[in-house]
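Chemist: what shape does this take:
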Amino acid sequence: MEANLTPNPSDTTNALLTQLVQIGLGNITIVSTPATPASTWSATTPALRIQMIAYASLSMSLLAAFGAVLGEQWLGYYKSNRYGRGSQEQRGKLRQEKFDCLITWYFDAVVQSFPVLLQISLLLFGIALSANMWYKQPSVAWVIIATTIFGFLFYSLTTPIPTVLRMLHIDSKINL
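Modeler: Just a heads-up that it's a prediction; the model follows:
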């Protein structure tokens, strides 16, 4: 997102060209001090924070994608009959053993956490994009901020409704 996380290479080039011109003019004293304008450079704190949020978003997205693929492989292994040879009873025992492993490793809870990871990742991406645009174009940033807030409020208000309805034993079907 940020292009200013590295020192400007033209600063070093300009300093070295200045040093070469000084050498060409016969001023040798300049050579004793090396030209390192990039050594005083440091990234701004907001730029680093924006990058941290963006990389956290990317990491969560990749983790959710990896987990979903891995979960699909586990389910494929559970459903497959390729690894089960023998009588029907032996295959049934092997399938029960696979099912017990899925329960032991909390497979259901792990797989259900992947959409949550993606949603958190999307929120972090919206925050990072808003903060990045805030320093470049505040008017565009307001659009991104409004969209991110709307999405967050929509999600946070609609997600608990099925749980509340189940707790109140209210039938969610409309009776005509």
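Chemist: helix, strand or coil for the residue of the chain positioned farthest from its centre?
Modeler: Largest separation from the mean C-alpha position in the chain: G26, at 55.1 Å (CA atoms, centre = their mean). Secondary structure for G26, judged by DSSP: H, G, I helix; E, B strand; the rest coil, is coil.
Chemist: mind starting the numbering at 48 from now?
Modeler: Got it, first residue is 48 now, which makes that one G73.
Chemist: quick one: pLDDT of it?
Modeler: We note a pLDDT of 70 for G73 in this prediction.
Chemist: V68 too?
Modeler: 76.
Chemist: now it: how far from D58?
Modeler: Distance check for V68 against D58: by CB to CB, to the nearest Å, it reads 16 Å. C-beta: built from backbone N, CA, C; applies to glycine.
Chemist: ok, those two, which is more surrounded?
Modeler: D58 (15 against 11; other CB atoms under 10 Å).
Chemist: gap between that one and L64?
Modeler: 11 Å.
Chemist: any weak-confidence spans in this structure?
Modeler: In the predicted model, the chain carries pLDDT under 70 at residues 48-55, 74-88, 128-131, 216-223.
Chemist: what ranges do the helices span in it?
Modeler: Ranges of helices in the chain, per DSSP state H, are 56-71, 92-126, 135-151, 154-183, 185-205, 207-215.
Chemist: from the chain's centre, how far out does the second one sit?
Modeler: Between the mean C-alpha point of helix 92-126 and the mean C-alpha point of its chain there is a distance of 6 Å (CA atoms, centre = their mean, to the nearest Å).
Chemist: and it with helix 135-151, angle?
Modeler: Taking axes from the mean of the first three to the mean of the last three CA atoms, to 10 degrees, one finds helix 92-126 and helix 135-151 inclined to each other by 160 degrees.
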